[in-house]
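Undergrad: Based on what follows, work out the 3D shape:
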Amino acid sequence: MTEEPGTEAATTSDYSEYYDNSNDYGAPCNDGNPKPFIRVFFPILYSTAFIVGLIGNALVLWVLIRNRQRSSLTDVCFLNLALCDLLFVVSLPFWAHSAAQEWVFGTFACHAVSGLVMMGLYGSVFFMVLMTLDRYVIVVYKCSICSRKWPAKMALALFVWMLSLFVSLPNIVFAKVKQETCIKTSCGPEFPKGTAWMSVTYLNVLSLILPLIIVSFCFCRIISIKSEEKHGVIRLLVAVLGVYFLFWTPYNVVMFFKFLQTKGFTLSSEADLAMPFVEAIALSHCCLNPIIYTCVGQKFRRAVLTGPKEQFPSTCSPQSPDYSFTLIA
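TA: Numbers count the residues shown, from 1 in each chain. Okay, the predicted model is just below:
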């Protein structure tokens, strides 16, 4: 069979688009992330943290609220720390579904869930710093930051919550449902051009650098003073703070490297690969504090096992205030 002139050229032209790989319509969905592992393991991790965190932090609230009239400022901080963890717990089902599939909850839910996470983060670190400062004042100056009256403690706690909301506003306002590779949507902050450095600075300074400086100074002073009041509570505070920094520091570091990457200081994509893992580690921290209280806090452990009325009598002498007493340690 003889071919007409131009047939070969026409045939090549007809199938050239089929062999053209310049577009990615048929490209495999693989951007270097271990997506199959993430879609299976992360929902299991988040679901486990949700169940443990919900039960554990609800138990902490039950013990502290039942004995609120005798609670010290440290106990009030522990109570609010449990509330902060519950904010993380509430957000976990959303992140579990997003990790398994994609973000399907809309823009409003993206703003709300981002607000829960950021308020939980800043609230947790602010209340831990407040606990540390109060313990420092008790050991060094033999008094407390706040009076024993319950309204005064609640007013101070409300101030910390308002401060947490204020510093969380940028992440709440600029939260956005974004389109990623492989036609997948996700929820995350998208700051205006030239302002991302402010969020990264707030995150690293307020949730890592400044708290680390304050608690390090306080504990160095506390350790240098011989006191019988410090051992149980200080041991518990060290455990709580140590686990917090262990789980949240990788997130802060990776966020900082991602910021440098956007500025062209580093061309490595390792920060992008590490981001989902450090996020999972940080979010799973919300279920650990009740476990720490159970392992380290003898009073809390006995309160759970024997009941609050047996362990903590309702009557107490107002003439001899004990600022060092806590229901947890």
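Undergrad: Any stretches of the stretch 1-150 of the chain with poor pLDDT?
TA: Across the stretch 1-150 of the chain, the ranges flagged by pLDDT under 70 are 1-34, 147-148.
Undergrad: quick one, strands of it?
TA: For the stretch 1-150 of the chain, applying DSSP state E, counting those that start in this stretch gives no strands.
Undergrad: what about residue 143, neighbour count?
TA: By other C-beta atoms under 10 Å, 12 other residues sit near residue 143. C-betas here are computed from N, CA, C, even on glycine.
Undergrad: Could you list the low-pLDDT ranges of the stretch 201-329 of the chain?
TA: 226-230, 266-268, 307-325.
Undergrad: quick one, helices of it?
TA: Using DSSP state H, counting those that start in this stretch, the helices of the stretch 201-329 of the chain run over 210-223, 231-262, 270-283, 289-296, 298-306, 308-311.
Undergrad: which other helices and strands contact the second one?
TA: Which is helix 231-262. Counting contacts by 3 or more C-beta pairs under 8 Å, 6 or more residues apart in numbering; DSSP states H and E, helix 231-262 packs against helix 106-141, helix 196-204, helix 210-223, helix 270-283, helix 289-296.
Undergrad: got the angle between that helix and helix 106-141?
TA: Here helix 231-262 points in a direction 140 degrees away from that of helix 106-141 (axes from the mean of the first three to the mean of the last three C-alpha atoms, to 10 degrees).
Undergrad: Out of the helices of the stretch 201-329 of the chain, which is closest to residue 48?
TA: Set against residue 48 and scored by C-beta to C-beta, these come closest in helix 270-283, at 11.4 Å.
Undergrad: in that closest one, what counts as buried?
TA: Going by neighbour count (16 or more other C-beta atoms under 10 Å), the buried part of helix 270-283 is 271, 274, 275, 276, 277, 278, 279, 280, 281, 282, 283.
Undergrad: Next: stretch 249-258.
TA: Buried positions in stretch 249-258, judged by neighbour count with 16+ other C-beta under 10 Å: 249, 250, 251, 252, 254, 255, 256, 257, 258.
Undergrad: quick one, what contacts the fourth one?
TA: Contacts were defined as C-beta atoms under 8 Å, 6 or more residues apart in numbering; by that measure residue 252 touches 203, 204, 207, 208.
Undergrad: Residue 111 versus residue 186, what's the distance?
TA: Per C-beta to C-beta, to the nearest Å, residue 186 is found 14 Å from residue 111.
Undergrad: typo on my end, residue 208
TA: From residue 208 to residue 111 the distance is 24 Å (C-beta to C-beta).
Undergrad: Likewise for residue 210?
TA: Remark: distance between residue 210 and residue 111 (C-beta to C-beta) = 27 Å.
Undergrad: Please apply the same query to residue 223.
TA: 43 Å.
Undergrad: cool, and residue 282?
TA: As judged by C-beta to C-beta, residue 282 and residue 111 stand 20 Å apart.
Undergrad: Then residue 292?
TA: Going from residue 292 to residue 111 by C-beta to C-beta gives 32 Å.
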